[in-house]
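Peer 1: How does the following fold in three dimensions:
(2 chains)
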There are 2 protein chains.
Amino acid sequence: MSASRPAAAAGSEIAAVLAAAGPELGHQLDRTEERLSQVAGSHGATLARHASGTLAAGGKRLRPILVFLCGHVGSRDGERLVAAAAAVELLHMATLVHDDVLDRAALRRGRPTVVAAGGRAAATATGDLLFSRAFAELSSTGSGEAVQALSSASSALVRGELMQRADAWSPEVTPERYLERCELKTASLFEAACRLGALFSSDPAPADVLGRFGARVGLAFQILDDVLDVEGPTARTGKPRGADLLDGTVTLPLILARGRDPDLGAVELRGTATDPGRSESLCERIAATGALEDAREQALAYVSEAKSSLDALGLPEARRRPLDLVADAVVERYA
Amino acid sequence: MSASRPAAAAGSEIAAVLAAAGPELGHQLDRTEERLSQVAGSHGATLARHASGTLAAGGKRLRPILVFLCGHVGSRDGERLVAAAAAVELLHMATLVHDDVLDRAALRRGRPTVVAAGGRAAATATGDLLFSRAFAELSSTGSGEAVQALSSASSALVRGELMQRADAWSPEVTPERYLERCELKTASLFEAACRLGALFSSDPAPADVLGRFGARVGLAFQILDDVLDVEGPTARTGKPRGADLLDGTVTLPLILARGRDPDLGAVELRGTATDPGRSESLCERIAATGALEDAREQALAYVSEAKSSLDALGLPEARRRPLDLVADAVVERYA
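Peer 2: Sure, this is the predicted structure:
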């Protein structure tokens, strides 16, 4: 594992995926990191500093991994898979950078955000650059279908983000609306990653089946992220317990808990963020309703569904097993 | 002329271009408006409201016109030209929407900006959507070269915007640095529009020559825009006299004037925006140095250069004349 890929190497669950997929996946991920570094460094000093910092901050590179696993690592279409993997990661980064501007976030993954380090203008510009380069990367594959798939995901991400803000602090968000938001905001890019992989696979597997697999994994990922936000502790999540919730994001644990603890329904969330004691006790009250277990169970059901959906493909074990493991990795992070 | 194309029809100088190019140009522009409306309306109600409003606010559609003129209107590749024209306009709009967020601008073209109407989140999302759709539109042409050209322009726009903000209020901006910024911020998209046209022309003209033509026209456009900002009056520009200047943007008229009026070099611009009397008198002092005439002359020289550069193509009169007229249109707006 190269030093340029710190985050993908972190976490035993991802290590299991890498081991099952064979050395080619690690090689492809290294090439993806190289592409990302090149892209980040090629557009002037200011953008290079911010874009490189954002990319170097890491992340598990789950989306690139999905591209390669669905694209059948080792296929002759390696160049196009690397371009697709870089594109999905660039788009993901672009949305994070813009979200941080809107949230005035100070830290992400323990590092100062672009908006904190460079101001709103630099962060907006960095996000715009990452958006453009995502599409430029993908266009190098020569596939209009691929660009359309990424563009659909991009629209969905933007709509999901708007939906989240429209629903902020709302006592009326239903589980169905929450799931719709997760599909837009998170699952759509997981789905696109799998579709892009399928598109450039030398051993074509149906893009619809793999896309659905990715969408289900993405849903589980988001739900578990929301469980973890309430569950804490900070040492595991890298952010204060209940941070998203107290930022106004109404997540499944809160929605379920509100249905069970009538007093909780009446709690006014606004202003809690500035009072750690109050936010800690709110998380405890949500946990006390059993909402975290139920939300986690829903997520696990999506993971099972994702894995079963692969049965239809009749993949050989060597291709199937890494896909099962990456779906499990989403869960194991929270075990 | 259809009601859906209010702005392109406005202005006698654009009318002259339309007349010289023949009815096909009007038809292509109408189709571009239809595409833009479809794109704006297809991504959920919130985005539809903001994106449609932005596109409906108009503008002269100079960039789409350049695509069609360089692409040889009436060519068999009409569909791809319409996609390219829509793409450049979408990218242009995306940058305007994000600029307005950063400037906290209330009005653009006499209408409330997206950030004023919907807030920062809606405006950031709308810009992101327009960015994505620009690339999706262009990818429908199946040309990776086209997507690369738009993506290069997009990087340049972002870098130019950052450069402008880095240079805000600075007493040390040289004419060379000002021109470099204009090339990034404005000329790059004019150049891309011409290159895209050339790329999809059924009667191929060298993309480099047409790209250079577009870049020169774009430079002239920006310089004249900056002259007009100082010259006023509001009735002609739709904004307070000196608005850009007093926002911190150091433009050619100010740079030239500072070299001639030593007292002007020492004037502190910050805070002038809130004092209409002071900003009016600053504009008068810049004008009194003769800087406006000199800046305008530089712009006219770029227009001449743009037009002469076309000589090398030996275009038939019917293709050449609309290109000359669109270059002139940039100037005549300020005559």
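Peer 1: Around chain B, pick out the residues from chain A.
Peer 2: A:43-44, A:46-47, A:94-95, A:98, A:101-102, A:120-122, A:124-125, A:127-129, A:131-133, A:135-136, A:139-142, A:144, A:147-148, A:151-152, A:154-155, A:158-159, A:161-162, A:165-166 (CB under 8 Å from any CB of the partner chain). In this view, the C-beta of every residue, glycine as well, is placed from N, C-alpha and C.
Peer 1: Give the PyMOL command for selecting the buried subset of those.
Peer 2: Burial among the residues of chain A next to chain B is assessed by 16 or more other CB atoms under 10 Å in any protein chain shown; the matching PyMOL selection reads:
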select buried, chain A and resi 43+44+46+47+94+95+98+101+102+120+121+122+124+125+127+128+129+131+132+133+135+136+139+140+141+144+147+148+151+152+154+155+158+159+161+162+165
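Peer 1: any chance you could map the helices in the stretch 151-300 of chain A?
Peer 2: A:175-182, A:188-199, A:207-231, A:234-237, A:243-246, A:252-260, A:262-266, A:276-288, A:291-309 (DSSP state H, counting those that start in this stretch).
Peer 1: Can you tell me which of those helices is packed in deepest?
Peer 2: Among those, helix A:188-199 has the highest mean neighbour count (mean count of other CB atoms under 10 Å in any protein chain shown), at a mean of 29.
Peer 1: Tell me what A:P112 is bridged to.
Peer 2: Under DSSP bridges, the beta-bridge partners of A:P112 are A:L107.
Peer 1: ok, back up a step: in JSON lines: the helices of the stretch 151-300 of chain A, plus distance to B:E305 and mean pLDDT.
Peer 2: Output for the helices of the stretch 151-300 of chain A, formatted as JSON lines (distance: least, CB to CB, whole Å; pLDDT from 0 to 100):
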{"stretch": "helix A:175-182", "distance to B:E305": "53", "mean pLDDT": "97"}
{"stretch": "helix A:188-199", "distance to B:E305": "44", "mean pLDDT": "97"}
{"stretch": "helix A:207-231", "distance to B:E305": "50", "mean pLDDT": "95"}
{"stretch": "helix A:234-237", "distance to B:E305": "59", "mean pLDDT": "70"}
{"stretch": "helix A:243-246", "distance to B:E305": "55", "mean pLDDT": "80"}
{"stretch": "helix A:252-260", "distance to B:E305": "62", "mean pLDDT": "94"}
{"stretch": "helix A:262-266", "distance to B:E305": "69", "mean pLDDT": "79"}
{"stretch": "helix A:276-288", "distance to B:E305": "63", "mean pLDDT": "86"}
{"stretch": "helix A:291-309", "distance to B:E305": "60", "mean pLDDT": "97"}
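Peer 1: Make CSV out of those helices and add distance to B:T113.
Peer 2: As requested, the helices of the stretch 151-300 of chain A are exported to CSV (distance: least, CB to CB, whole Å):
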stretch, distance to B:T113
helix A:175-182, 26
helix A:188-199, 28
helix A:207-231, 32
helix A:234-237, 37
helix A:243-246, 29
helix A:252-260, 34
helix A:262-266, 38
helix A:276-288, 35
helix A:291-309, 39
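Peer 1: Out of those, which is closest to A:A51?
Peer 2: Each of those was scored for nearness to A:A51 using CB to CB, and the closest is helix A:188-199 (18.7 Å).
Peer 1: Now do that closest one against helix A:175-182, angle only.
Peer 2: 50 degrees (axes from the mean of the first three to the mean of the last three CA atoms, to 10 degrees).
Peer 1: Show me what helix A:188-199 packs onto, helices and strands only.
Peer 2: helix A:62-70, helix A:78-103, helix A:144-166, helix A:207-231 (3 or more CB pairs under 8 Å, 6 or more residues apart in numbering or on different chains; DSSP states H and E).
Peer 1: so which of the ones you listed comes closest to A:R109?
Peer 2: Nearest of the helices and strands packed on helix A:188-199 to A:R109, taken as CB to CB: helix A:78-103 at 9.5 Å.
Peer 1: Okay, buried residues for that closest one please.
Peer 2: A:78, A:80-103.
Peer 1: List the contacts of the residue nearest to A:E231 when sequence neighbours are not counted.
Peer 2: Nearest non-adjacent residue to A:E231, counting by CB to CB, 6 or more residues apart in numbering or on different chains: A:L292, 5.8 Å away. Applying CB atoms under 8 Å, 6 or more residues apart in numbering or on different chains, we find A:L292 in contact with A:V227, A:V230, A:E231, A:P253, A:I286.
Peer 1: Pull up the gap between A:L292 and A:V230, please.
Peer 2: Note on A:L292: its distance to A:V230, by CB to CB, to the nearest Å, is 6 Å.
Peer 1: which neighbours do the two share?
Peer 2: With CB under 8 Å, 6+ apart, A:L292 and A:V230 have common neighbours A:P253, A:I286.
Peer 1: Number of residues surrounding A:D311?
Peer 2: Neighbours of A:D311 under the rule other CB atoms under 10 Å in any protein chain shown: 10.
Peer 1: Could you report the pLDDT at it?
Peer 2: For A:D311, the pLDDT comes out at 96.
Peer 1: Compute the distance between it and A:R320, please.
Peer 2: 9 Å.
Peer 1: what does A:R49 give?
Peer 2: 42 Å.
Peer 1: dump the residue contacts of the closest residue to chain B within the stretch 201-335 of chain A.
Peer 2: Among all residues of the stretch 201-335 of chain A, A:G248 sits closest to chain B, at 11.3 Å; criterion: CB to the nearest CB. A:G248 is in contact with A:A168, A:W169, A:L269, A:R270, counting by CB under 8 Å, 6+ apart.
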